[in-house]
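1. Task: produce atomic coordinates for the following.
(chains A and B, ligands or ions: 2)
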Amino acid sequence: MIEEIQEPTETGPRVWAIGGGKGGVGKSVVAANLALAVARTGARVALVDADLGGANLHTLIGIPSPKRNLSDFIARRVASLNEILAPTPFDNLWLVSGAKALLETANPSFGQKTKILRHLASLDVDHIFLDLGAGTSFNVLDFFLAARRGVLVVVPEATSVENAYFFIKAAYFRKLKRAQPRARVKAAVDEVMRGDARQRVRTPRDLMAQVMAVDAEAGAALMEEASTFSPSIIVNRIERSEQTRLGDEMGSACRDYFGINLRCLGNLPYDALVRRSVDERRPAVDLFPQSSFARAVRGAAGTVVGQPVEAVG
Amino acid sequence: MSHARFEDWQLLDLAPGAELAEVNRALHFRRSLYQPGALATYNLLDEDERLRMLDRIDEAYRRITGNEPPRSPGPRPVEPVEETGLQGEGEVGSPPDPRTAPGAHLRFQRRARGLSLEQLSAVTKIRTSLISQIEAEEVDQLPAAVFVRGHVLQLARALGLADPNELAARYLAKVRLD
Ligand SMILES: Nc1ncnc2c1ncn2[C@@H]1O[C@H](COP(=O)(O)OP(=O)(O)O)[C@@H](O)[C@H]1O
Ligand SMILES: [Mg+2]
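-> Ligands and ions are numbered 1, 2, ... in the order given. All right, here's what the predicted structure looks like:
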């Protein structure tokens, strides 16, 4: 199974994987603006485009698609990893084009995925923001889990919330599959899911309780694994004040249902200037620093770097 | 206050010993989270899970405060089943099939009579948690078959259901306790 990279206390970059959430909710816009806002706190930031369906971060940042990409490094066409860091118009911010590497190894094995992430984690930066794109393919799920700091972008709409829960469920069960010792845990889960007991497994919390009853050690292993699954959420395109509660409410529901902590990283308003900044091919944080969106992104950036971020000019 | 357990405070996301005003706020917040149509839980839970969650929240509130939970003042897009049931004699919706879902049938009939777990427990002397487990058909939480049979009979009688024996037989056949 794929290994997790970098505990927060270890050296090396913090990897934030932005994924899940359906297309168009603002994952790429959020990734680009958040990365820039973090870079402006003085941290070194790499923005990695890993969206197989439509890599477009370069456009949001206002540069051509980078000539060098991650597959050049994997195929040893470049000597050092830092050669694939494409400069951007902004200090402390680099872009890595990663989607091609994933495409070339269509269906990368766990080992390959681990390798890709290890390479990324050896970049000489403080934060990495991975734009994973939409979908719940194993690729997306594995990178989301391996990054440890998975971030879901949702908008206050039923379809988006539904989609987010679908993603969390898929990621969560994929995560549980890693519980050790695998054979024993699998046997216990199979026993529970066979026959009548199956009907009583409604929530992941139920599953753990049932597995615990069948095999205490396997149950403990599952709980251990689940305890390290703690994605965060960013609510984008907020239009009414009561929608600012959505992130915290989803956090409570996830605690009840999965027994996990889902932290809300930030609430970002709907702001017509975002659209304009996309058309101008410059992040709103740069083009409209006083817009409500940019201000909220700086707030989220403060949470990401662990301290409040001063407004810039 | 009360017979509250740590889990009760936890369920309401409160520090043990919180003020009544806080408990009321927490109750309102938690209940609103599980109202039908609530965006934040959209399609996370199925109907049965949703109703169970509301029951659990109310029970935690009862144990903490010793009072019946006040009816939530907040906006409620759709009336929840358990409340519409207060008005009539089980006319709302159709009860789950007692042959395939005897537990859900018992729960539906209780709610249709506007009875809380607590109230039904007062009549039958069966623990609220056990009633809830019987309703949810939580097989491995249940006692031996002979007790379950007795409990189901008692519950069905207390609710005035047509054929308690038939329901108990269906229930045991379904959960296959032995
Ligand atoms: N907070 C916002 N306010 C207004 N428009 C937004 C906001 N966030 C995103 N958008 C619009 O939504 C479009 C799609 O966003 P994008 O980041 O490309 O979505 P995704 O990467 O999730 O598919 C953007 O081009 C932008 O016009
Ligand atoms: Mg995108």
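2. Can you check the pLDDT for the most centrally placed residue in chain B?
-> Of all residues in chain B, the one closest to the mean position by Cα atoms, centre = their mean is B:Asp55, 4.3 Å from it. What the model reports as pLDDT for B:Asp55 is 92.
3. quick one, what contacts it?
-> Residues near B:Asp55 by Cβ atoms under 8 Å, 6 or more residues apart in numbering or on different chains: B:Leu117, B:Ser132. C-beta coordinates here come from the backbone N, C-alpha and C atoms, glycine included.
4. which SSE is it in?
-> Element membership of B:Asp55 [criterion: DSSP states H and E] is helix B:47-65.
5. Okay, the residue in chain B that chain A sits nearest to and ligand 2: tell me how far apart.
-> Closest approach of chain B to chain A (Cβ to the nearest Cβ) occurs at B:Ala40, with a separation of 3.4 Å. With distances taken as Cβ to the ion, to the nearest Å, B:Ala40 is found 24 Å from ligand 2.
6. now the helices for the chain?
-> Picked chain A for this. Under the criterion DSSP state H, helices of chain A are mapped to A:27-39, A:57-61, A:70-74, A:99-104, A:110-121, A:138-146, A:158-176, A:182-193, A:204-214, A:216-227, A:246-258, A:272-279, A:284-287, A:292-305.
7. meant chain B actually
-> Using DSSP H, the helices assigned to chain B run over residues B:6-11, B:20-33, B:47-65, B:81-84, B:102-112, B:117-124, B:128-136, B:145-158, B:164-175.
8. how many neighbours does the spatially closest residue to the residue of chain B closest to chain A that is not a sequence neighbour have?
-> Once its chain neighbours are removed from consideration, B:Ala40 has its nearest residue in A:Glu249; the separation is 3.4 Å (Cβ to Cβ, 6 or more residues apart in numbering or on different chains). The criterion is other Cβ atoms under 10 Å in any protein chain shown. On that basis, A:Glu249 has 19 neighbouring residues.
9. How about the contacts made by A:Glu249?
-> Counting by Cβ under 8 Å, 6+ apart, A:Glu249 makes contact with B:Leu33, B:Ala38, B:Leu39, B:Ala40, B:Thr41.
10. out of those, who's nearest B:Arg149?
-> Of all those, B:Thr41 has the smallest distance to B:Arg149: 35.7 Å, by Cβ to Cβ.
11. Show the contacting residues for the closest residue to that closest one other than its chain neighbours.
-> The shortest distance from B:Thr41 to any non-neighbouring residue, by Cβ to Cβ, 6+ apart, is to A:Ala253 (4.8 Å). Contacts of A:Ala253 were listed using Cβ under 8 Å, 6+ apart, and they are B:Leu33, B:Ala40, B:Thr41, B:Leu44.
12. Name the helix or strand of chain B that has the lowest mean pLDDT.
-> Considering only helices and strands, the least confidently modelled element of chain B by mean pLDDT, DSSP states H and E is helix B:81-84, at a mean of 34.
13. Same check on chain A?
-> Between all helices and strands in chain A, the lowest mean by mean pLDDT, DSSP H and E belongs to helix A:99-104, at a mean of 68.
14. Now for B:Tyr34, how many residues are close by?
-> By other Cβ under 10 Å, 24 other residues sit near B:Tyr34.
15. you'd agree it is up against B:Met53?
-> Yes - B:Tyr34 lies in contact with B:Met53 (Cβ atoms under 8 Å); the separation is 4.8 Å.
16. intersection of neighbour lists for the two?
-> B:Leu45.
17. on that earlier part again, what angle sits between the helix holding B:Asp55 and helix A:246-258?
-> On the basis of axes from the mean of the first three to the mean of the last three Cα atoms, to 10 degrees, helix B:47-65 is oriented at 100 degrees to helix A:246-258.
18. which of the residues in helix B:47-65 are buried?
-> Applying a neighbour-count criterion of 16 or more other Cβ atoms under 10 Å in any protein chain shown, the buried positions in helix B:47-65 are B:48-65.
19. Can you name the residues bridging to A:Leu152?
-> Partner residues in beta bridges with A:Leu152, using DSSP bridges, are A:Gly19, A:Ile233.
20. I figured it hits A:Lys22, correct?
-> No - with contact defined as Cβ under 8 Å, A:Leu152 does not reach A:Lys22; the gap is 10.7 Å.
21. which one of these two has more residues nearby?
-> For the pair A:Leu152 and A:Lys22, the greater number of neighbours falls to A:Leu152 (28 against 19), based on other Cβ under 10 Å.
22. Can you give me every residue that contacts the more buried one?
-> A:Leu152 is in contact with A:Ile18, A:Gly19, A:Gly20, A:Gly21, A:Ala164, A:Phe167, A:Ile168, A:Pro231, A:Ser232, A:Ile233, A:Ile234, counting by Cβ under 8 Å, 6+ apart.
23. Can you verify my assumption that the second one contacts A:Phe144?
-> What it means is A:Gly19. Yes - between A:Gly19 and A:Phe144 there is a contact at 4.6 Å, judged by Cβ under 8 Å.
24. shared neighbours of the two, anything?
-> Between them, A:Gly19 and A:Phe144 share the contacting residues A:Leu132, A:Gly150, judged by Cβ under 8 Å, 6+ apart.
25. hang on, the earlier thing: what residues are up against the residue of chain B closest to chain A?
-> When the contact criterion is Cβ under 8 Å, 6+ apart, the partners of B:Ala40 are A:Val161, A:Arg245, A:Leu246, A:Glu249, A:Met250, A:Ser252, A:Ala253, B:Leu33.
26. likewise B:Asn24?
-> Applying Cβ under 8 Å, 6+ apart, one finds that B:Asn24 lies in contact with B:Pro70.
27. If we use 6 Å, what do you get?
-> B:Asn24 sits next to no residue when contact means Cβ atoms under 6 Å, 6 or more residues apart in numbering or on different chains.
28. Now do it against A:His58, distance only.
-> According to Cβ to Cβ, to the nearest Å, B:Asn24 and A:His58 sit 52 Å apart.
29. ok, of the contacts of A:Glu249, which come out buried?
-> Buried residues within the contacts of A:Glu249, defined by neighbour count using 16+ other Cβ under 10 Å: B:Leu33, B:Ala38, B:Leu39, B:Ala40, B:Thr41.
30. The closest residue to the third one other than its chain neighbours - how many residues pack around it?
-> Spelled out, that is B:Leu39. Leaving aside its chain neighbours, B:Leu39 sits nearest to A:Val161 (5.8 Å; criterion: Cβ to Cβ, 6+ apart). As a burial measure, A:Val161 scores 25 neighbours (other Cβ under 10 Å).
31. Quick one, grab the pLDDT at A:Val161.
-> Per-residue confidence for A:Val161 comes out at a pLDDT of 94.
32. That one reaches B:Asn43, doesn't it?
-> No - applying Cβ atoms under 6 Å, one finds A:Val161 not in contact with B:Asn43, separated by 7.4 Å.
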